[in-house]
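Give the three-dimensional model of this entry:
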Amino acid sequence: MRFTAVPDGAGGVRHELRAITAEPAGKGKGKRKRKAPDPITNASAESAAQQLRQFIERAEGIIEEILGAQEELSDVFAEAKSTGFDGKTMRAIIARRKRDSDALREEDMLLEAYKAALGLN
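From the prediction side, this is the model:
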């Protein structure tokens with residue numbers, strides 16, 4: 001059994017679990033096409049569905065953790081704002097700290113050169 005993309009008639013596709021059919025060996029010239037190994041070949045449809053369910057549940061758990069972390073992050077920025085700090089500037093500093101120092105230096109030099117050319121100093 002394997003999941004196959006099937007046209008849904010509305011311009012999209014839906015995925016269906018279908019049995020693998022054996023194809024007759026061709027007598028044509030040329031290279032034989034290799035088929036990708038099917039992880040569900042020897043498994044039943046029920047075990048494939050169980051495996052899919054486990055992947056989905058793991059993904060849902062991770063999404064919940066991400067949402068919780070986003071709420072916590074927003075609380076941190078709200079607390080910083082209440083003490084007088086600017087959240088936009090804090091986010092800019094965090095983004096800059098993630099970047100490579102050489103790239104950051106180059107970007108700063110370009111910014112200063114453009115500002116000087118426009119008389120914004």
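
any weak-confidence spans in the protein?
Across the chain, the ranges flagged by pLDDT under 70 are 1, 20-30, 36-43.

Do you have the helices of it handy? List them.
Residue ranges of the helices in the chain, as given by DSSP state H, are 45-82, 87-98, 101-117.

What residues sit buried inside the longest one?
Of the residues in helix 45-82, those buried under the neighbour-count criterion (16 or more other C-beta atoms under 10 Å) are A48. In short, each C-beta sits where N, CA and C put it, glycine included.

hang on, the earlier thing: out of the helices of the chain, which gets nearest to L17?
L17 lies closest to helix 45-82 among the helices of the chain, at 5.7 Å (C-beta to C-beta).

helices or strands next to that closest one in the packing?
Contact analysis of helix 45-82 by 3 or more C-beta pairs under 8 Å, 6 or more residues apart in numbering; DSSP states H and E lists strand 13-18, helix 87-98 as its packing neighbours.

give me that answer again for 10 Å
Helix 45-82 sits against strand 2-7, strand 13-18, helix 87-98, with contacts defined as 3 or more C-beta pairs under 10 Å, 6 or more residues apart in numbering; DSSP states H and E.

now these as a markdown table including mean neighbour count and distance to V76?
As requested, the helices and strands packed on helix 45-82 are exported to a markdown table (neighbours: other C-beta atoms under 10 Å; distance: least, C-beta to C-beta, whole Å):
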| stretch | mean neighbour count | distance to V76 |
| --- | --- | --- |
| strand 2-7 | 12 | 41 |
| strand 13-18 | 11 | 40 |
| helix 87-98 | 10 | 9 |
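
what about those, which gets the closest to Q50?
Nearest to Q50, of those and by C-beta to C-beta, is strand 13-18 at 12.1 Å.

Tell me how many other residues surround L110.
Number of residues near L110 (other C-beta atoms under 10 Å) recorded here: 10.
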